[in-house]
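Chemist: Fold the following, please.
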Amino acid sequence: MRTNMIRNDRMAITYDVINGWTVIEVDGEVDAHTAPLICEAMIKLLDEGHRHFVLDLSIVPFLDSMGLRMVVAVTKSIRDREGSLRITCTSSRILRVFEFTGLGDAYEFYSSPEDATRRGPLAGGPGRPRGRTSSPAPATPSANTPTKSDTPRSKEPRGNL
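Modeler: Below is the predicted model:
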């Protein structure tokens, strides 16, 4: 069930939890006026215990440098809490913004929330509770190994952003 977080004349932010992922849908421009609202909403969800996010930019018509800054800041907060972030976007214009700034290889991009949430967050990967250990990854593909149809267009972010 989709929950409204913010709804005003400039944008709407809603979320739903699907297969272990908190899907944040943004409807409106992501700029200097709206990026802080998105960041605040995502930090609130982090504070409530959500760890694995899909940022759905599928219906965002515009994203500027403040929007990119928000994505990087939220990514850091999510990783600090051992979580993960995927992005859904179909706009070639917005995808180019990520590519031109060198962030295209830093994130997993999917064409839809359904593709991004097809498989739950990896067990033992980012987001596991502190202090727990996990076994090494098996040599054979597991149920969490992406298939060709749900493989992201880019890699998971590396290092500190």
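Chemist: can we go C-alpha only for contacts and neighbour counts from here?
Modeler: OK.
Chemist: Which stretches in this protein count as strands?
Modeler: Ranges of strands in the chain, per DSSP state E, are 3-7, 11-18, 21-28, 52-56, 84-88, 108-110.
Chemist: The last one pairs with which strands, and in what direction?
Modeler: In this case it means strand 108-110. Using DSSP bridges, strand 108-110 pairs in its sheet with strand 84-88 (parallel).
Chemist: Please point out which parts of the strand it pairs with sit buried.
Modeler: The neighbour-count check on strand 84-88 (16 or more other C-alpha atoms under 10 Å) flags Ser84, Leu85, Arg86, Ile87, Thr88 as buried.
Chemist: so what's the third one closest to, chain neighbours aside?
Modeler: The reference is to Arg86. Spatial nearest neighbour of Arg86, chain neighbours left out: Val54 (4.6 Å); criterion: C-alpha to C-alpha, 6 or more residues apart in numbering.
Chemist: In contact with that neighbour, which residues?
Modeler: Contacts for Val54 (C-alpha atoms under 8 Å, 6 or more residues apart in numbering) come out as Trp21, Thr22, Val23, Ile24, Leu85, Arg86, Ile87, Thr88, Pro113, Ala116, Thr117.
Chemist: TSV please, covering the residues you listed and showing distance to Ile94 and pLDDT.
Modeler: Compiled in TSV, the contacts of Val54 are given as follows (distance: C-alpha to C-alpha, whole Å; pLDDT from 0 to 100):
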residue	distance to Ile94	pLDDT
Trp21	22	98
Thr22	22	98
Val23	19	98
Ile24	17	98
Leu85	17	97
Arg86	15	98
Ile87	11	98
Thr88	11	98
Pro113	16	97
Ala116	18	98
Thr117	21	98
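Chemist: of all these, which comes closest to His50?
Modeler: Thr22 (6.8 Å; C-alpha to C-alpha).
Chemist: Identify the residues contacting the closest one.
Modeler: Neighbour list for Thr22: Tyr15, Asp16, His50, Arg51, His52, Phe53, Val54 [criterion: C-alpha under 8 Å, 6+ apart].
Chemist: From Phe98, how far out is it?
Modeler: Distance, Thr22 to Phe98, by C-alpha to C-alpha, to the nearest Å: 22 Å.
Chemist: again, but for His33
Modeler: Counting by C-alpha to C-alpha, the separation of His33 from Phe98 is 19 Å.
Chemist: Looking at those two, which is more packed in?
Modeler: Set side by side, His33 and Phe98 show more neighbours around Phe98, with 18 against 12, by other C-alpha atoms under 10 Å.
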